[in-house]
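Undergrad: Sequence first, predicted coordinates after that:
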There are 2 protein chains.
Amino acid sequence: MKAALNKSPFIRQIRRRPLALLGPLAVIVLMYYLFFTGSKPQSKYSYKVKKNGLFGRTPDAVPRNLPGDHISHYNLNKLASTPMAVYNKEKVLVLTPVSRFYEEYWKNLLRLTYPRDLLELGFIVPRTRDGEVALKKLEKAIKQVQTGKKENRFSKITILRQDTESLSSQTEKHRHALSVQKERRSSMALARNSLLFSALGPYTSWVLWLDSDIVETPPTLIQDLVSHDKPVISANCYQRYFDEDKKENSIRPYDYNNWVESEEGLKIAERMSDDEIIVEGYPDIATYRPLMAHFYDPNGDTNAEMELDGVGGAAVLVKADVHRDGAMFPSFPFYHLIETEGFAKMAKRLGYQVFGLPNYLVYHYNE
Amino acid sequence: MKAALNKSPFIRQIRRRPLALLGPLAVIVLMYYLFFTGSKPQSKYSYKVKKNGLFGRTPDAVPRNLPGDHISHYNLNKLASTPMAVYNKEKVLVLTPVSRFYEEYWKNLLRLTYPRDLLELGFIVPRTRDGEVALKKLEKAIKQVQTGKKENRFSKITILRQDTESLSSQTEKHRHALSVQKERRSSMALARNSLLFSALGPYTSWVLWLDSDIVETPPTLIQDLVSHDKPVISANCYQRYFDEDKKENSIRPYDYNNWVESEEGLKIAERMSDDEIIVEGYPDIATYRPLMAHFYDPNGDTNAEMELDGVGGAAVLVKADVHRDGAMFPSFPFYHLIETEGFAKMAKRLGYQVFGLPNYLVYHYNE
């Protein structure tokens, strides 16, 4: 079952773009060179510009030197983040702060059709009992993939254990209480930053933030988001549920952190003291901000874009240069915003635009 | 001459701390394992907790897995930044945005006695003509060290080429004009962030920011700063010159960015519009902030500390966790501060204290 799931989109991808096969092959060759030819080094030192890189169009974006002398040379100017990401062999780093391990999250991740040899994964796991359980399941799942067929392996996986005590796991209801939101979001911001600062490499073109409770996305999630060629772009996060009234399966909005700033929101912020924050999605603070969650049109174009001022972290694609310029997740009030909403504001302060796709849905786990 | 310079402090260091020898040896063994034993792998997959790490007291701070399956596992909780950095084999990342390459900077760097196998270097070079020249000289200097004796090599060196156009090189006088400071400092902030986000690893314990025009420091710079065990600590940046009046060699303050906030400074900030910044060290804006540069006492204790609110970038040691929590160099006005001064403010917003050593001098190049 799992094999079939992996195989079919992979083959479809190859049919659509036969050149995509070159990527995994090139990486296998490179890995072979790195790890299996070291015992008889031809030349211990080779410090010269590679005229023709293995990776086609962006030769200088990859190290000019192979390890041995431990010098890496990267030309950020030639490191591209383009809509032709697969063709250009652009490296995507998928970052997930793991609160719990959902089998459905992992299966969905394995279903993604972006070439695995261009995909790096990064996880950060809290020091809670839930974290311990999640870590064990995650390690088991990873082991299965990384010891399986070479072409199915991810190019690199980094697992971090959080250094600060996390809030102990909360029930769904408690977790959403406005009173605990500030602390929870602040702690989540620290986790995201640890992951980002530790895992981002000089060769990374894109960062996909994918929350651990996102259990269903289109398999072409990365290619779809990449194709919009935006500095920051967020999918619309919904949830499947059983509608007791209509007695049928249905969907409903879940993440209210994707929003457009409002006059009222700005006025509220102006009246606040420096350390107060606005968290979107609570009746306690009526900002009247247009929320992307409410702009979903089942008959609309899935490619429709809307400009945003705040984003959630469910499924957000970021050009790595936005992070490299300094955009991180403030754990302190930044323009009265924190975490992903503060990140969007910071990206904007750095001169980047932030977008959302109201009709492009990803689904949150239903507890 | 150069060999003698390298050798003597190295030997002194070993005499003082014989255990320091274990570090380089361990890394050589590890490197040997990584690159020269891959052709006959004993077991392709070994995903288990290493009970006894090579690195002594912090076994879990280093990857639990060696490459091959490309999974790295780091326990940030066990990654320490302590005054016993050498003994604990704590990795230090030295980051330098390179405007020009000064032979004296490089010689001073080579004189540092912190074990090379625990030192990683990161450089970012602008896309200017000066940058091209600096890059060539830097590459030549690096090549000499990294092809030399194994025990003298740095554990890793990363060179980045900046992706944005830098301001063209300015004369000393023009460079310091208040009018160009905002743009220059903002561009420098972007360079620092690119370097930081790209080069910081999950195993890094400390980051030393060392400007490319710092040509003289005590050889024990890293150990000295580390021994204070502070989240952020800045040396006092002076300059040697010939005093024409007294007809003798003398020293004078150079970097005015290490300061303590003042009532007047806060008042000025309050009156400013959101996008205005205060840059310290100019008579145009009289903040009456106490500047560390003026607190130097030639007869004072070199270990004397003072708490600061703003820092410069000349020689600043930062616990890696401060950066991992999100502290970066804002290129936009952050509490009316940018770059290193904004970084200090951000570290404080994240709950960290910032210190300076008024009697501990490092010297800026004299043009």
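TA: Cool, got the structure. Numbers count the residues shown, from 1 in each chain, chains lettered A, B, ... in the order given.

Undergrad: Of all the residues in the longest helix along chain A, which ones are buried?
TA: Counting residues, the longest helix found in chain A (DSSP state H) is helix A:178-199. Across helix A:178-199, burial judged by 16 or more other Cβ atoms under 10 Å in any protein chain shown covers A:181-182, A:184-199. Every residue, glycine included, has its C-beta placed from N, CA and C.

Undergrad: hmm, that helix touching chain B?
TA: Yes. Counting by Cβ under 8 Å from any Cβ of the partner chain, chain B is contacted by helix A:178-199 at A:189-190, A:193-194, A:196-199.

Undergrad: Now compare those and name the two farthest from each other.
TA: Greatest spacing in the residues of helix A:178-199 next to chain B, by Cβ to Cβ: A:189 and A:199 (15.9 Å).

Undergrad: For the longest helix of chain A, name the packing helices and strands.
TA: The contact analysis (3 or more Cβ pairs under 8 Å, 6 or more residues apart in numbering or on different chains; DSSP states H and E) places helix A:178-199 against strand A:91-97, strand A:119-125, strand A:156-161, helix A:339-349, helix B:178-199, helix B:320-324.

Undergrad: buried ones in the helix or strand that comes right after the first one?
TA: Put plainly, it is strand A:91-97. In the C-terminal direction, the helix or strand that comes right after strand A:91-97 (DSSP states H and E) is helix A:103-111. Neighbour-count burial for helix A:103-111, counted by 16+ other Cβ under 10 Å, picks out A:105-111.

Undergrad: Wondering if helix A:103-111 reaches chain B at all.
TA: No. Helix A:103-111 lies out of reach of chain B by Cβ under 8 Å from any Cβ, never closer than 14.8 Å.

Undergrad: is it true that residue A:269 touches residue A:278?
TA: Yes. Using Cβ atoms under 8 Å, residue A:269 makes contact with residue A:278 at a distance of 6.3 Å.

Undergrad: Pull up the overlap in contacts between the two.
TA: Here residue A:269 and residue A:278 share the contacting residues residue A:336, scored by Cβ atoms under 8 Å, 6 or more residues apart in numbering or on different chains.

Undergrad: More neighbours: which of these two?
TA: Neighbours were counted for residue A:269 and for residue A:278 using other Cβ atoms under 10 Å in any protein chain shown; residue A:278 has more, 20 against 17.

Undergrad: these two touch, right, that one and residue A:267?
TA: No. Using Cβ under 8 Å as the test, residue A:278 is too far from residue A:267 to be in contact (11.0 Å).

Undergrad: From start to finish, how long is stretch A:215-229 in a straight line?
TA: End-to-end distance of stretch A:215-229 (Cα to Cα, to the nearest Å): 25 Å.

Undergrad: Residues of the stretch 201-350 of chain A that sit close to chain B?
TA: Residues of the stretch 201-350 of chain A lying near chain B (Cβ under 8 Å from any Cβ): A:201-202, A:321, A:323-326, A:328-332, A:349-350.

Undergrad: what sits against residue A:295?
TA: A:236, A:306, A:358.

Undergrad: which of the helices and strands packed on helix A:178-199 has the lowest average pLDDT?
TA: Ranked by mean pLDDT, these bottom out at helix B:178-199, with a mean of 90.

Undergrad: and that one, how far out from the chain's middle?
TA: Offset of helix B:178-199 from its chain centre (Cα atoms, centre = their mean, to the nearest Å): 15 Å.

Undergrad: What mean pLDDT does stretch A:232-247 get?
TA: 97.

Undergrad: Next up, phi/psi of residue A:207, please.
TA: phi -120, psi 120 (degrees, to the nearest 10).

Undergrad: thought residue A:112 was touching residue A:226?
TA: No. Using Cβ under 8 Å, residue A:112 makes no contact with residue A:226, being 11.9 Å away.

Undergrad: ok, those two, which is more surrounded?
TA: residue A:226 (25 against 22).

Undergrad: Give the full set of residues in contact with the more buried one.
TA: Contacts of residue A:226 by Cβ under 8 Å, 6+ apart are A:82-83, A:85, A:90, A:92, A:206, A:317.

Undergrad: Grab the nearest non-local neighbour of residue A:281.
TA: Distances taken as Cβ to Cβ, 6 or more residues apart in numbering or on different chains place residue A:256 nearest to residue A:281, at 3.1 Å, with adjacent residues excluded.

Undergrad: What separation do you get for residue A:95 and chain B?
TA: 13 Å (Cβ to the nearest Cβ, to the nearest Å).

Undergrad: actually residue A:298, sorry about that
TA: Counting by Cβ to the nearest Cβ - residue A:298 and chain B are separated by 38 Å.

Undergrad: One more: residue A:241?
TA: Residue A:241 is 35 Å from chain B, by Cβ to the nearest Cβ.

Undergrad: Wait, that residue touches residue A:250, no?
TA: Yes. Using Cβ under 8 Å, residue A:241 makes contact with residue A:250 at a distance of 6.1 Å.

Undergrad: Assumed residue A:252 was part of a strand.
TA: Yes. With DSSP: H, G, I helix; E, B strand; the rest coil as the criterion, residue A:252 is part of a strand.

Undergrad: tell me the contacts of it?
TA: Going by Cβ under 8 Å, 6+ apart, the list of residues near residue A:252 reads A:238-239, A:241.

Undergrad: ok, so of the residues you listed, who is nearest residue B:285?
TA: residue A:238 (51.2 Å).

Undergrad: So for the strand or helix carrying that closest one, what gets flagged as buried?
TA: For residue A:238, the element it lies in under DSSP H and E is strand A:232-243. Neighbour-count burial for strand A:232-243, counted by 16+ other Cβ under 10 Å, picks out A:232-240.
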